[in-house]
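*Asks:* With the sequence up front, the predicted model follows.
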There are 2 protein chains.
Amino acid sequence: MDNRKGMLLVISGPSGVGKGEMVKAIMAEDDSLVFSVSATTRARRDYEQEGVHYYFKTMEEYKRLVSEDAFVEYAEVYGNHYGTLKSEVYQRMEKGQNVVLDIDSQGAMMVLEKMPECVSIFLLPPSYKELRRRLEGRGTESAETVEGRMAKAAREISRKDRYEYIVVNDNFDEALSQVRAIIAAEKHKRTRFNPDVPQE
Amino acid sequence: MDNRKGMLLVISGPSGVGKGEMVKAIMAEDDSLVFSVSATTRARRDYEQEGVHYYFKTMEEYKRLVSEDAFVEYAEVYGNHYGTLKSEVYQRMEKGQNVVLDIDSQGAMMVLEKMPECVSIFLLPPSYKELRRRLEGRGTESAETVEGRMAKAAREISRKDRYEYIVVNDNFDEALSQVRAIIAAEKHKRTRFNPDVPQE
């Protein structure tokens, strides 16, 4: 009997730490990991499909969902609103899927409050100096943007003590194998995986 | 700054499930894993050294330690008493070592009560039929002993819901890599591993 239940995996860390690369790497190798479809007040683009790319909501609908506590987390980005629907997350978890949220620490704090049973990982840079080097190395950000990101990084890192796991992304392959181990271990938590032992 | 703190790792499971082999395999590859020195009322053998092989205690001393709640777990085996001293376990954990206890479920239940922060893994056989095959395969046990062990196995397995992690030992290498992942993940729990990020 397989009675695995999915988990909600929150991966957070400052911009430049390698969060996007990490999420991409783990999702490429593990079919049980999925994203949830977010709700947004942003205008639909031509190629986007309702329920596939996003659930498109009017501002009124969005506000109602917030007031109904329908979101695990939500945020405003450049005037548009985005939210992760509880119903979406739960549905996937019930099917045994593991929902991945790649979010900043502000969103993560909301998730930790609303779903304390989530698995939360904070990716830490080995140093501020190295984080700055990575941000500058992108070559796409102005000096001003880098300073802004460094200031935000300090705020993000100040919240690290709220996460369940901390992984330092110094060497990417090592950090990846640590995140992999966390996922593998969490899949074997008795609360998610508790098979019966057949007589035969 | 390295502020890793050790863990107490409880590995349990019915006789024949491959617990001994598992403990041997993980300890061979990870220097941070250690056993603690037990206290016993058993007579010292010639080659045995106090504080190395055991702490040898008189029955009176042993009873006093029990009454003082000095043991994480203790048990009687063929008329001799054995106990894992809290002081021993804590001392090793403070040094960042991870103490491994390879014990039956009765002992494990005591540990879970006295040190709920321990990491507990229950090794489950894929089936009772396979467990019987392994016990008989040893070739060293009488039919009567096998029946006794099967009855004890059922009692052990009935307690599996108390453990934090469950690993099925069907294929040994797979089970080993799962136990490895649990240990790696637990080392990255924020409560054990929470480095500062240097400016430089």
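*Replies:* That came through, no problem.
*Asks:* which non-adjacent residue is nearest A:Met150?
*Replies:* The shortest distance from A:Met150 to any non-neighbouring residue, by C-beta to C-beta, 6 or more residues apart in numbering or on different chains, is to A:Arg132 (6.0 Å). C-beta: built from backbone N, CA, C; applies to glycine.
*Asks:* dump the residue contacts of the one you found.
*Replies:* A:Arg132 sits next to A:Gly16, A:Val146, A:Met150 when contact means C-beta atoms under 8 Å, 6 or more residues apart in numbering or on different chains.
*Asks:* how near is it to B:Gly13?
*Replies:* A:Arg132 is 49 Å from B:Gly13, where distance means C-beta to C-beta, to the nearest Å.
*Asks:* Ok, A:Leu135 next?
*Replies:* Using C-beta to C-beta, one gets 48 Å for the distance from A:Leu135 to B:Gly13.
*Asks:* So those two - more neighbours on which side?
*Replies:* Neighbour comparison, A:Leu135 and B:Gly13: the larger count goes to B:Gly13, with 29 against 23 (by other C-beta atoms under 10 Å in any protein chain shown).
*Asks:* any idea what sits nearest that one, other than its immediate chain neighbours?
*Replies:* Nearest residue to B:Gly13, sequence neighbours excluded (C-beta to C-beta, 6+ apart): B:Leu123, at 3.2 Å.
*Asks:* helix, strand or coil for the one you found?
*Replies:* When classified by DSSP: H, G, I helix; E, B strand; the rest coil, B:Leu123 comes out as strand.
*Asks:* count of residues packed around it?
*Replies:* Neighbour count for B:Leu123, taken as other C-beta under 10 Å: 25.
*Asks:* Who are the contact partners of it?
*Replies:* So B:Leu123 contacts B:Ile11, B:Ser12, B:Gly13, B:Val17, B:Gly18, B:Lys19, B:Met22, B:Val167, B:Val168, B:Asn169, B:Ala175 (C-beta under 8 Å, 6+ apart).
*Asks:* Show me what it is bridged to.
*Replies:* Bridge pairing for B:Leu123 (DSSP bridges) gives the partners B:Val167.
*Asks:* With A:Val99 instead?
*Replies:* Counting by DSSP bridges, the residues bridging with A:Val99 are A:Leu8, A:Val34.
*Asks:* Name all residues that make contact with it.
*Replies:* The neighbours of A:Val99, taking C-beta under 8 Å, 6+ apart as the test, are A:Gly6, A:Met7, A:Leu8, A:Leu9, A:Val34, A:Phe35, A:Ser36, A:Glu88, A:Val89, A:Arg92, A:Met93.
*Asks:* Relative to B:Val197, how far out is it?
*Replies:* As judged by C-beta to C-beta, A:Val99 and B:Val197 stand 28 Å apart.
*Asks:* same question, A:Asp104
*Replies:* Relative to B:Val197, and taking C-beta to C-beta, A:Asp104 is found at 17 Å.
*Asks:* Same question for A:Ala143.
*Replies:* Computed as C-beta to C-beta, the A:Ala143 to B:Val197 distance reads 22 Å.
*Asks:* So these two - more neighbours on which side?
*Replies:* Between A:Ala143 and B:Val197, counting by other C-beta under 10 Å, B:Val197 is the more crowded of the two (19 against 8).
*Asks:* Pretty sure the more buried one sits against A:Phe122.
*Replies:* No - counting by C-beta atoms under 8 Å, B:Val197 stays clear of A:Phe122, with 10.9 Å between them.
*Asks:* what's the burial count for A:His53?
*Replies:* Taking other C-beta under 10 Å as the criterion, the count of residues near A:His53 is 14.
*Asks:* Now it: closest residue in space, sequence neighbours ignored.
*Replies:* A:Val37 (7.3 Å).
*Asks:* burial of that neighbour, as a residue count?
*Replies:* Neighbours around A:Val37, by other C-beta under 10 Å: 17.
*Asks:* Now do the same contact list for it.
*Replies:* A:Gly51, A:Val52, A:His53, A:Tyr54, A:Tyr55, A:Leu85, A:Glu88.
*Asks:* Mind putting the contacts of A:Val99 into a markdown table with pLDDT and neighbour count?
*Replies:* Formatted as a markdown table, those follow (pLDDT from 0 to 100; neighbours: other C-beta atoms under 10 Å in any protein chain shown):
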| residue | pLDDT | neighbour count |
| --- | --- | --- |
| A:Gly6 | 94 | 21 |
| A:Met7 | 96 | 24 |
| A:Leu8 | 96 | 22 |
| A:Leu9 | 97 | 21 |
| A:Val34 | 96 | 16 |
| A:Phe35 | 93 | 15 |
| A:Ser36 | 89 | 21 |
| A:Glu88 | 94 | 21 |
| A:Val89 | 95 | 23 |
| A:Arg92 | 94 | 19 |
| A:Met93 | 94 | 20 |
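*Asks:* Get me the contact residues on chain A for chain B.
*Replies:* A:122, A:124-129, A:157, A:160-161, A:163-168, A:177-178, A:180-182, A:184-186, A:188-190, A:193-195, A:197-200 (C-beta under 8 Å from any C-beta of the partner chain).
*Asks:* are any of these buried, and which?
*Replies:* A:122, A:124-128, A:157, A:160, A:163-168, A:178, A:180-182, A:184-186, A:188-190, A:193-194, A:197 (16 or more other C-beta atoms under 10 Å in any protein chain shown).
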